[in-house]
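Undergrad: when you get a sec, could you give me coordinates for this:
(one chain, ligands or ions: 1)
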Amino acid sequence: MIDAFTYANPTRIFFGYGKLQELPALLSDCGVGAAVLVCDRFFAAMGEDLREKTPQIAAVFSDVEPNPQLDGIKETVRLMKETGADAVIALGGGSSIDTAKFAAACACSDKTPDAHFDGAAFTAAKKIIAVPTTAGTGSEVTAVSVVSRGEEKKTVHNPVFQPTACIVDPALTMTVPPRTTLMTGLDAFTHAIEAFWSVRHGALTDALAVEAMRVILANLETSFAEGTKEARTAMAYGSLVAGLAFSVAKTAGCHACSYPLSMYHHLPHGEACAFTLDSFIRLNADDRLEGLAKTLGFSDCHALADEIIRLKTIGGLRMRFADCEGELDIDRLAKESAEHMLMQNNPVRLDEAALKKMFEALQ
Ligand SMILES: [Zn+2]
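TA: Residues are numbered from 1 along each chain as shown. Predicted coordinates:
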């Protein structure tokens with residue numbers, strides 16, 4: 001029997017290879033009058049090119065950092081106020097989209113970005129148009145923003161961060177290097193499987209999660225090794241569908257562990273999630289997960305976990321603490337992972353002792 005569930009995702013999705021060429025028309029369609037485009041330095045030239053071709057783009061901020069800083073958000077808000085922008089366009093990976101979300105909400109407030117970073121509530125946001133350039137974050141369809149002030153990093157959930165629209169154009173992912181393709185693809189797979197086993201899952205998020213996992217497993221290796229248009233397009237779709245699943249069901253243990261792993265061992269987000277992914281597949285294995293493994297074409301959960309290890313191996317991803325930077329403190333990692341709010345979504349209750357055992361096996 002199908003249990004009761006609630007599902008909503010108000011973001012309009014424009015998907016297609018080359019879709020970004022329709023940007024002026026899509027912005028008009030979304031009622032955007034004037035917008036500030038945010039991106040990182042890598043996309044600065046493309047940002048300027050888009051400004052020339054798109055009458056609605058009033059200014060470009062091209063200095064988003066990998067862990068987006070509040071300073072970049074302040075500059076975006078300043079540009080939005082100066083140009084009277086009613087929207088912000090994020091061109092990039094998670095960092096640019098996170099910057100756009102926080103800035104769009106700050107631009108509607110009398111309070112400073114610092115005050116909001118310290119917890120002041122948001123009441124509204126300008127329009128947010130997300131244009132992801134990697135197949136991984138799913139941030140284009142979620143209401144979460146991760147921002148930093150110096151070393152202090154905060155994950156903020158707020159309905160006002162939900163993008164008005166996203167333009168998912170797989171052509172933008174064609175130049176992503178192979179290793180990053182593999183890491184972001186495994187991040188997307190982690191979003192899907194965690195949405196599937198999250199205690200907050202429902203029939204519709206299950207359907208989305210299974211579709212995402214099926215597409216990602218069928219295309220990740222080709223996307224990594226050959227980078228074909230077909231595989232890249234499938235990965236962009238898989239990542240988007242995983243985003244639609246976890247925007248409601250949320251993520252769980254792998255993501256809870258990923259934050260201390262990124263902080264103390266400097267692993268990029270996707271690599272940090274993949275670091276414990278196969279361990280969590282084995283720890284969370286139950287009848288339901290065994291059924292999933294079979295649906296995905298594996299004999300059991302262990303075979304699925306082994307496939308994750310194989311993918312990490314071909315991409316040269318780090319799989320042991322011995323290969324990572326930073327001093328290993330398993331007690332601290334276990335404590336911070338156990339205390340992270342996302343750990344509460346994990347289907348198996350894992351306390352500090354259980355997590356310690358998991359991390360010890362990864363030395
Ligand atoms: Zn993730």
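
Undergrad: buried residues in the longest helix anywhere in the chain?
TA: The longest helix of the chain (DSSP state H) is helix 203-225. For helix 203-225, the neighbour count (16 or more other C-beta atoms under 10 Å) marks 204-206, 208-221, 223-224 as buried. Where you see a C-beta, it was placed from the backbone N, CA and C, and this is true even at glycine.

Undergrad: same check on stretch 5-17?
TA: By neighbour count on 16+ other C-beta under 10 Å, the buried set for stretch 5-17 is 9, 11, 14, 16-17.

Undergrad: now stretch 235-252
TA: 235-252.

Undergrad: now do that stretch, average pLDDT.
TA: Averaged over stretch 235-252, pLDDT sits at 97.

Undergrad: roughly how far out does that stretch sit from the chain middle?
TA: 8 Å (C-alpha atoms, centre = their mean, to the nearest Å).

Undergrad: can you show me the strands along the chain?
TA: Using DSSP state E, the strands of the chain run over 12-15, 35-38, 57-61, 87-92, 127-132, 144-149, 152-157, 165-168.

Undergrad: would you list the ones you listed in JSON lines and tack on mean pLDDT?
TA: Below are those laid out as JSON lines (pLDDT from 0 to 100):
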{"stretch": "strand 12-15", "mean pLDDT": "98"}
{"stretch": "strand 35-38", "mean pLDDT": "98"}
{"stretch": "strand 57-61", "mean pLDDT": "98"}
{"stretch": "strand 87-92", "mean pLDDT": "98"}
{"stretch": "strand 127-132", "mean pLDDT": "98"}
{"stretch": "strand 144-149", "mean pLDDT": "93"}
{"stretch": "strand 152-157", "mean pLDDT": "89"}
{"stretch": "strand 165-168", "mean pLDDT": "98"}
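
Undergrad: got those as JSON lines, with distance to A293 columns?
TA: Formatted as JSON lines, the strands of the chain follow (distance: least, C-beta to C-beta, whole Å):
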{"stretch": "strand 12-15", "distance to A293": "29"}
{"stretch": "strand 35-38", "distance to A293": "40"}
{"stretch": "strand 57-61", "distance to A293": "45"}
{"stretch": "strand 87-92", "distance to A293": "34"}
{"stretch": "strand 127-132", "distance to A293": "29"}
{"stretch": "strand 144-149", "distance to A293": "28"}
{"stretch": "strand 152-157", "distance to A293": "30"}
{"stretch": "strand 165-168", "distance to A293": "28"}
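
Undergrad: nearest to M80, of these?
TA: Nearest of the strands of the chain to M80, taken as C-beta to C-beta: strand 35-38 at 5.1 Å.

Undergrad: residue contacts, the residue nearest in space to the middle of the chain?
TA: The structure's the chain has its C-alpha centroid closest to T137; by C-alpha atoms, centre = their mean the separation is 2.2 Å. By C-beta atoms under 8 Å, 6 or more residues apart in numbering, the residues touching T137 are 93-94, 97, 184, 187-188, 239, 243.

Undergrad: just the pLDDT at it, thanks.
TA: 90.

Undergrad: next one: the one 3 residues further on
TA: With respect to pLDDT, E140 has a value of 97.

Undergrad: before we move on, what about A361?
TA: 98.

Undergrad: report how many residues lie close to D351.
TA: By other C-beta atoms under 10 Å, 10 other residues sit near D351.

Undergrad: same question, the one 10 residues further on
TA: Applying other C-beta under 10 Å, we find 10 residues neighbouring A361.

Undergrad: and stretch 188-208, average pLDDT?
TA: Per-residue pLDDT over stretch 188-208 has a mean of 98.

Undergrad: got the CA positions of it in CSV?
TA: Output of stretch 188-208 as CSV, limited to C-alpha atoms (Å, rounded to 0.1, in the frame of the first residue of the first chain):
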residue,chain,number,x,y,z
ALA,A,188,24.0,13.3,-7.5
PHE,A,189,23.8,9.5,-7.0
THR,A,190,24.2,10.1,-3.2
HIS,A,191,21.3,12.7,-3.3
ALA,A,192,19.1,10.0,-5.0
ILE,A,193,19.9,7.0,-2.8
GLU,A,194,19.7,9.2,0.4
ALA,A,195,16.3,10.5,-0.7
PHE,A,196,15.3,6.9,-1.2
TRP,A,197,16.4,5.6,2.2
SER,A,198,15.7,8.9,4.1
VAL,A,199,13.1,8.5,6.9
ARG,A,200,11.3,11.3,5.1
HIS,A,201,10.9,9.5,1.8
GLY,A,202,7.5,8.9,0.1
ALA,A,203,6.2,7.2,-3.0
LEU,A,204,6.8,10.1,-5.4
THR,A,205,10.3,10.9,-4.1
ASP,A,206,11.1,7.1,-4.4
ALA,A,207,10.0,7.2,-8.0
LEU,A,208,12.2,10.2,-8.7
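
Undergrad: buried sites along that stretch?
TA: Applying 16+ other C-beta under 10 Å to stretch 188-208 flags 188-198, 201-202, 204-206, 208 as buried.
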